[in-house]
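In: predicted coordinates and the sequence they were generated for:
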Amino acid sequence: MASEAAKDGGLRGKLKKVVLAYSGGLDTSVIVPWLRENYGCEVVCFTADVGQGIKELEGLEKKAKASGACQLVVKDLQEEFVKNYIFPCLRAGAIYERKYLLGTSMARPVIAKAMVDVAKEVGADAVAHGCTGKGNDQVRFELTFFALDPKLSVVAPWREWDIKGREDAIEYAKKHNVPVPVTKKSIYSRDGNLWHLSHEGDILEDPANEPKKDMFMLTVDPEDAPDQPEYVEIGIVSGLPISVNGKELSPANLLTELNQIGGKHGIGRVDMVENRLVGMKSRGVYETPGGTILFTAVQELESLTLDRETIQVKDSLALKYAELVYAGRWFDPLRESLDAFMENITKTTTGSVTLKLYKGSVTVTSRTSPYSLYRQDISSFESGEIYDQADAAGFIRLYGLPMRVRAMLEKGI
């Protein structure tokens, strides 16, 4: 069937072979026959494992071929995702609009990059995704395609087809003999990976509504968390975590461990209204247990290893870094240049941080570093040889001179 479809052009033109970002859900199952019908192409389904859970990967090949795909390619990207995408954002301190730890934003470029690689492997001339025309993800996928292989054609069915919703999709599937996935439709739109789980839709669309208790999946309600706190020690080298409680772990395993620890203490819940790249505001609830622990640990260690000016500049650049990642500009030279700065400036951010987890809160209890700029002999209230308190008088007079001159002008002195 696939080879026959590839011989003739489709209703909207002719493509040879398309690599489709595939989940096995209703939307992407319907996209397979739609691509064949409209572009006369073979369809290679691609699924990336970024830690979304094994249940979502079960039976995918059978589903893909039943929908009309010629093959399914699955790649485990978990270690690459954490090491090359999550950890650089962690090192940079990148947080979007004060709260969002960029879980979905970081995952899209690693998936899109893998799609470009697969397109080269199978000789595809196009890529396709199932993102809607209202969200950020369409931008993130397509900017990555543009940056890594500008010759590839990009097909975005949700911006082209007449399907308006779930019922239309089911009708199209039945018409084209595509097995309709018999999964229970969630009332929420969710996106999960090793870093986080996001929730949107249903009652969350009204910012006045409190999320339902049973919505959360990665974290227990802080009210139901253990009554005894748990202490966790994070080992860090050059701004990147390497160990949990003295045990060195790979990036993906380290994050998995912290997700389990943080989840049972209700760590990492965020409820926010954010400004989407396409202009509208949206309300989302995020669960990022391990990520919240790691962000706290790295920032606390930086309080020892970075001076005032460096922290201020780093924090200001982190805002731009987060904005670039959120907007899908991972492969932009500006982000790469900012990343080089972050890597260099955190070379001495090495040491360990101990945190206390208790009913949704993360509190630092200990920080140590061989490169600490904190000197007890200087900071102590006891007199010391390096810091002479009498020196402060001259410093204050010079530091406050502009304010003093302005006051003299205003008072006619």
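Out: The structure has been received and is ready for your questions.
In: point out where the stretch 151-300 of the chain drops to low pLDDT.
Out: Applying pLDDT under 70 to the stretch 151-300 of the chain flags the ranges 181-185.
In: hey, where'd the strands end up in the stretch 1-150 of the chain?
Out: Ranges of strands in the stretch 1-150 of the chain, per DSSP state E, counting those that start in this stretch, are 17-21, 42-49, 71-76, 126-128.
In: partners of the longest one in the sheet?
Out: What it means is strand 42-49. According to DSSP bridges, strand 42-49 forms sheet pairs with strand 17-21 (parallel), strand 71-76 (parallel).
In: can I get those in TSV with mean pLDDT and distance to Tyr85?
Out: All C-beta spots, glycine's among them, are computed from the backbone N, C-alpha and C. Formatted as TSV, the strands paired with strand 42-49 follow (pLDDT from 0 to 100; distance: least, Cβ to Cβ, whole Å):
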stretch	mean pLDDT	distance to Tyr85
strand 17-21	98	17
strand 71-76	96	14
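In: any idea which of these is most buried?
Out: Mean neighbour count (mean count of other Cβ atoms under 10 Å) peaks for strand 17-21 among the strands paired with strand 42-49, with a mean of 24.
In: the strands paired with strand 42-49 into TSV, with extra columns for distance to Arg283?
Out: Output for the strands paired with strand 42-49, formatted as TSV (distance: least, Cβ to Cβ, whole Å):
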stretch	distance to Arg283
strand 17-21	25
strand 71-76	32
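In: tell me which residue is most central in the chain.
Out: Closest to where the C-alpha atoms of the chain average out (Cα atoms, centre = their mean) is Gly103, at 2.2 Å.
In: quick one, helices of the stretch 151-300 of the chain?
Out: For the stretch 151-300 of the chain, applying DSSP state H, counting those that start in this stretch gives helices covering 166-175, 251-264, 289-305.
In: can you list contacts of the first one?
Out: The list of residues contacting helix 166-175 from outside it, by Cβ atoms under 8 Å, 6 or more residues apart in numbering, reads Leu26, Asp27, Ser29, Val30, Pro33, Trp34, Asp162, Ile163, Val178, Pro179, Val180, Lys185.
In: buried sites along it?
Out: Neighbour counts over helix 166-175 (16 or more other Cβ atoms under 10 Å) mark Ala169, Ile170, Tyr172, Ala173 as buried.
In: any idea which of these is closest to Glu323?
Out: Glu323 lies nearest to Ala169 out of the buried residues of helix 166-175, by Cβ to Cβ, at 33.9 Å.
In: against Gln138, how distant is the closest one?
Out: In this view, Ala169 and Gln138 are 18 Å apart by Cβ to Cβ, to the nearest Å.
In: one more: Gln78?
Out: 24 Å.
In: buried deepest among the helices of the stretch 151-300 of the chain, which one?
Out: helix 289-305 (a mean of 23).
In: list the helices and strands that helix packs on?
Out: On a contact count with 3 or more Cβ pairs under 8 Å, 6 or more residues apart in numbering; DSSP states H and E, helix 289-305 meets helix 87-92, strand 230-237, strand 240-244, helix 251-264, helix 308-326, strand 351-358, strand 361-368.
In: so for the residue nearest to the centre of the chain, what pLDDT did the model give?
Out: pLDDT, Gly103: 97.
In: before we move on, what about Lys65?
Out: 94.
In: could you find the closest non-adjacent residue to it?
Out: Using Cβ to Cβ, 6 or more residues apart in numbering and skipping residues adjacent in sequence, the residue nearest Lys65 is Leu72, 7.2 Å away.
In: just list whatever residues bridge to the nearest residue in space to Met215 that is not next to it in sequence.
Out: Nearest residue to Met215, sequence neighbours excluded (Cβ to Cβ, 6+ apart): His199, at 5.8 Å. Under DSSP bridges, the beta-bridge partners of His199 are Arg190, Val285.
In: surely His199 is in contact with Met272?
Out: No - counting by Cβ atoms under 8 Å, His199 stays clear of Met272, with 11.5 Å between them.
In: which one's more surrounded, these two?
Out: More crowded of His199 and Met272, by other Cβ atoms under 10 Å: His199, with 24 against 15.
In: dump the strands of the stretch 1-150 of the chain to a markdown table, plus distance to Asn209.
Out: Output for the strands of the stretch 1-150 of the chain, formatted as a markdown table (distance: least, Cβ to Cβ, whole Å):
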| stretch | distance to Asn209 |
| --- | --- |
| strand 17-21 | 31 |
| strand 42-49 | 33 |
| strand 71-76 | 37 |
| strand 126-128 | 35 |
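In: so which of those strands is nearest Asp224?
Out: Closest approach to Asp224 among the strands of the stretch 1-150 of the chain (Cβ to Cβ): strand 42-49, 30.6 Å.
In: shared neighbours, His199 and Met272?
Out: Common neighbours of His199 and Met272 (Cβ under 8 Å, 6+ apart) are Gly284, Val285, Tyr286.
In: ok, Val325 touching Leu102?
Out: Yes - using Cβ under 8 Å, Val325 is in contact with Leu102, at 5.4 Å.
In: count the neighbours of Leu77 for me.
Out: The burial count for Leu77: 22, using other Cβ under 10 Å.
In: same question for Phe381.
Out: Around Phe381 sit 6 other residues, with neighbours defined as other Cβ under 10 Å.
In: next one, pLDDT for it please.
Out: Listed pLDDT for Phe381 reads 71.
In: equivalent analysis for the one 3 residues further on, please.
Out: Gly384 is assigned 69 on the pLDDT scale.
In: separation between the residue nearest to Ile163 when sequence neighbours are not counted and Ile311?
Out: Nearest residue to Ile163 in three dimensions, chain neighbours excluded: Ala169, at 5.4 Å (Cβ to Cβ, 6+ apart). In this view, Ala169 and Ile311 are 50 Å apart by Cβ to Cβ.
In: equivalent analysis for Val18, please.
Out: To Ile311, Val18 is 47 Å away according to Cβ to Cβ.
In: kindly report the same for Tyr172.
Out: Tyr172 is 54 Å from Ile311, by Cβ to Cβ.
In: same question for Phe146.
Out: 35 Å.
In: count of neighbours near Pro33?
Out: The tally of other residues near Pro33 (other Cβ under 10 Å) stands at 21.
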